[in-house]
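1. The amino acid sequence is not available; the structure is as follows:
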Ligand code: HEM
Ligand SMILES: CC(C)=CCC/C(C)=C/CC/C(C)=C/COP(=O)(O)OP(=O)(O)O
């Protein structure tokens, strides 16, 4: 007998050991707080890279609080739209709305509270451009991706990923009030990273996505095509990750990006070569986990580079 949530192919392990539900924990899960924490981190790096960030510390804090609240609202909107889908997937069936621990009305009130707080904080502490970009992020993920792209096209996450890629730019605009080349390159970096982040997980969960009639790439185009696309996007991410080094002359970041990107591409190659089966699923899950550490490392290296190299920006 397999334990609840565990399967011989390791797919069920994605949900990890389940913590005892509590109301606060449910609110945390509903806001997808762990994903949002990385979004906030990439925004913080966008702020730190901007000129004179320390002089604008109030805008910096308001920007981070706004993105955290708006990102959380996006996560809640996503789960309000798809409780039935969440009930059909082993990875998501214990979510608070899927299990009915939080009502739909309660979740709507929660999303509205988060969104109103985000708008208030951003309007008070940042500028109109930052507010608009953040709203685009929340609506892009919570409405456009969840309601329209996800159920209709296997390229859903390529375009949906744009919303999640915005925070480094939002961080920058919170400080400067204007656009610039470097944060736009960081948006491109997260944008091209997203498919190689998500499709390995989609490979593991392909049976659940198929049962739930969600046209994720491994369901519509098969595992082999998906693994080829993961490799393509991993290579693209590696290439784009070198652009900030070229723009700033920051060799410390450049070295870290080169090595960690080579590892990412190596994992994509290994994934492509494995025969379909439990071992491939487990390796895909490892690549998904590495993708998160990799993005965290790249953005940490950007701050390190600025601290150590002390370059100024245009
Ligand atoms: C449309 C784009 C994206 C899709 C479809 C996607 C998909 C996913 C999925 C399905 C999970 C598993 C979540 C769970 O089981 O609760 C996940 C986890 C995660 N994602 Fe993404 N993601 C996207 C963009 C991003 C972005 C832009 C970031 C950050 C910059 C990010 C950071 C994370 C993190 C940190 C986790 C781990 C959460 C945990 O440990 O519970 N994702 N992603
Ligand atoms: C700028 C700003 C505020 C942006 C917010 C964007 C945001 C919250 C992106 C998160 C991306 C994410 C968790 C995707 C999960 O995909 P999924 O919903 O298909 O996964 P699931 O099956 O786990 O629900």
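-> Alright, I've got the coordinates. Bear in mind that the values here come from a model prediction, so they are computed numbers and not experimental data. Ligands and ions are numbered 1, 2, ... in the order given.
2. Around ligand 2, which positions in this structure sit nearby?
-> Contact residues (Cβ under 6 Å from any ligand atom) of the chain with ligand 2: 32, 35, 67, 70-71, 74-75, 78, 92, 134, 137-138, 141, 150, 163-164, 166-167, 170. C-beta: built from backbone N, CA, C; applies to glycine.
3. Count the neighbours of residue 300 for me.
-> 14 (other Cβ atoms under 10 Å).
4. let's have the chain start at 55 instead
-> All right, first residue 55 from here; so that's residue 354.
5. how near is it to residue 291?
-> 16 Å (Cβ to Cβ, to the nearest Å).
6. same deal with residue 239?
-> From residue 239 to residue 291 the distance is 12 Å (Cβ to Cβ).
7. One more: residue 311?
-> Distance from residue 311 to residue 291, by Cβ to Cβ: 10 Å.
8. Could you do residue 193 as well?
-> 26 Å.
9. Neighbour count for those two, which is higher?
-> Taking other Cβ under 10 Å, residue 193 and residue 291 do not tie; residue 291 has more neighbours (28 against 17).
10. Tell me how far the helix or strand encompassing the more buried one lies from the chain's centre.
-> Element membership for residue 291, per DSSP states H and E: helix 276-302. Helix 276-302 sits 16 Å away from the centroid of its parent chain (Cα atoms, centre = their mean, to the nearest Å).
11. now stretch 110-121
-> For stretch 110-121, the distance to the chain centre is 20 Å (Cα atoms, centre = their mean).
12. before we move on, what about stretch 163-175?
-> Per Cα atoms, centre = their mean, the centroid offset for stretch 163-175 relative to its chain is 21 Å.
13. Kindly report the same for stretch 80-94.
-> With Cα atoms, centre = their mean, you get 10 Å for stretch 80-94.
14. Pull out the buried positions in that stretch.
-> 80, 81, 82, 83, 84, 85, 86, 87, 90, 92, 93, 94 (16 or more other Cβ atoms under 10 Å).
15. With stretch 259-266 instead?
-> Applying 16+ other Cβ under 10 Å to stretch 259-266 flags 259, 260, 262, 263, 266 as buried.
16. Now do the same contact list for residue 147.
-> Applying Cβ atoms under 8 Å, 6 or more residues apart in numbering, we find residue 147 in contact with 140, 141, 153.
17. got the contact list for the last one?
-> With contacts defined as Cβ under 8 Å, 6+ apart, residue 153 is in contact with 75, 147.
18. Quick one: the helices in the stretch 105-254 of the chain, in order.
-> With DSSP state H, counting those that start in this stretch, the ranges of helices along the stretch 105-254 of the chain come out as 111-135, 137-142, 158-179, 182-193, 210-219, 221-230, 235-258.
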